[in-house]
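Colleague: sequence-free structure coming up:
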Ligand code: NAP
């Protein structure tokens, strides 16, 4: 059988889901490298009718125009801020994503960062490894008690609610801010009130024009002195320069799975701060989660290519 047109997948994906694309007779091209330079993306996308990009690939009009036959951009993520949705809509290209499947894994990582920052786990590991651990001391590496602390969740969607559940198990009091109040057993607060009263603020809103730099200098300083900021959503929600300042005295610490810029350049001021715990955008990086994300992205892609409504449409 002559292969149908090309489907470009911009990174190798865990599991076997991509096999289905070939089984359906499409020509599958998978970029094998760890990085995909922009120039290579622009070349590789030529002739594609389907595209599975990762969060690191910026899919703007320029990319779409290199592939005039492109029918679907099936994101390997729930966030779609890396895709120009208006440009896709204008060209009749469907955009899909992978909601739900990565909720629990991302909530787990949020709690991992919270525990690491609050209880100074990374500092403790470094301290022990460097051979500095010579004695037990009542004042060694004192941190923040989670029992009784107030966790303010900003963006009470799937991941926000999964984080709230976990926080309850730790004996924390949960409050939240979202676009719309929800029938949940937690108090809804205006953002400024949440910032002023929370011991920990955790961000779970998508990155959109409305939420970009949501945590600007003023809002970071409006957080309680000694509070913790968690960001497992998108780096662009936070003013990085202002965060560095806030971490030098005002805040207890920050746990970041996402940054702006992303990745941070080596030697960035955030890397030099002991109270910043930074992971390399691994919120959804459970093996089974990543395999299921691949299955969902492929199901969305094939649905569009075969003329069906995709299960998880964005545009
Ligand atoms: P979701 O279910 O759509 O939840 C997002 C919530 O944000 C919704 O409840 C929505 O409010 C709220 N929101 C949107 N705009 C807002 C605004 N301007 N002000 C206040 N609240 C606003 O999405 P999700 O599945 O929880 O994912 C959230 C984000 O996490 C994704 O967009 C993605 O960027 C990020 N993420 C990161 C990783 C990672 O690897 N670190 C993994 C997965 C997801 P309403 O419901 O009130 O309308």
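Modeller: Perfect, I can see it now. Not measured: the values here are computed from a predicted model.

Colleague: now stretch 281-300: how far from the chain's centre is it?
Modeller: Centroid separation for stretch 281-300 versus its chain: 13 Å, with Cα atoms, centre = their mean, to the nearest Å.

Colleague: do it and the ligand meet at all?
Modeller: Yes: using Cβ under 6 Å from any ligand atom, stretch 281-300 reaches the ligand at 281, 283-284. In short, each C-beta sits where N, CA and C put it, glycine included.

Colleague: For the protein, give me the ranges with low pLDDT.
Modeller: 1-3 (pLDDT under 70).

Colleague: Can you pull up the most central residue in it?
Modeller: residue 233 (4.1 Å; Cα atoms, centre = their mean).

Colleague: Looking at the residues of stretch 281-300 next to the ligand, which one is closest to residue 179?
Modeller: residue 283 (21.3 Å; Cβ to Cβ).

Colleague: residue contacts, that closest one?
Modeller: 102, 105-106, 109-110, 232, 257-258 (Cβ atoms under 8 Å, 6 or more residues apart in numbering).

Colleague: try residue 203
Modeller: 154-155, 214-215, 229-233, 237-238.

Colleague: beta partners for it?
Modeller: residue 154, residue 231 (DSSP bridges).

Colleague: Tell me how far it lies from the ligand.
Modeller: Per Cβ to the nearest ligand atom, to the nearest Å, residue 203 is found 8 Å from the ligand.

Colleague: Quick one: the strands in the stretch 151-300 of the chain, in order.
Modeller: 173-177, 200-203, 228-231, 253-256, 276-278 (DSSP state E, counting those that start in this stretch).

Colleague: any chance of the ones you listed in JSON lines, plus distance to residue 81?
Modeller: Shown next, in JSON lines, are those (distance: least, Cβ to Cβ, whole Å):
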{"stretch": "strand 173-177", "distance to residue 81": "20"}
{"stretch": "strand 200-203", "distance to residue 81": "13"}
{"stretch": "strand 228-231", "distance to residue 81": "14"}
{"stretch": "strand 253-256", "distance to residue 81": "17"}
{"stretch": "strand 276-278", "distance to residue 81": "20"}
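
Colleague: and residue 128, which of the ones you listed is closest to it?
Modeller: strand 276-278 (16.3 Å).

Colleague: Sheet partners, orientation included, of the closest one?
Modeller: strand 253-256 (parallel).

Colleague: ok, is the strand it pairs with in contact with the ligand or not?
Modeller: No: using Cβ under 6 Å from any ligand atom, strand 253-256 stays clear of the ligand, coming no nearer than 9.5 Å.

Colleague: Which residues does that strand contact?
Modeller: 110, 113-114, 116-118, 228-232, 235, 238, 243, 247, 270, 275-279.

Colleague: So which of the contacts of residue 283 reach the ligand?
Modeller: Near the ligand, by the rule Cβ under 6 Å from any ligand atom, you find 102, 106, 232, 257-258 out of the contacts of residue 283.

Colleague: ok, and the most crowded of those residues?
Modeller: residue 232 (27 neighbours; other Cβ atoms under 10 Å).

Colleague: contacting residues around the residue in the chain that the ligand sits nearest to?
Modeller: Nearest to the ligand in the chain, going by Cβ to the nearest ligand atom, is residue 157, at a distance of 1.7 Å. Residue 157 sits next to 178, 204-205 when contact means Cβ under 8 Å, 6+ apart.

Colleague: What backbone torsions are found at it?
Modeller: Dihedral angles of residue 157 (phi, psi; degrees, to the nearest 10) stand at phi -100, psi -150.

Colleague: who touches the top helix by length along the chain?
Modeller: Determined from DSSP state H, the single longest helix within the chain is helix 287-305. When contacts are defined by Cβ under 8 Å, 6+ apart, helix 287-305 is touched by residues 7, 13-15, 17-18, 20-21, 24, 26, 49-50, 52, 71-72, 74-77, 94, 96-98, 101-102, 104-105, 284, 309-313.
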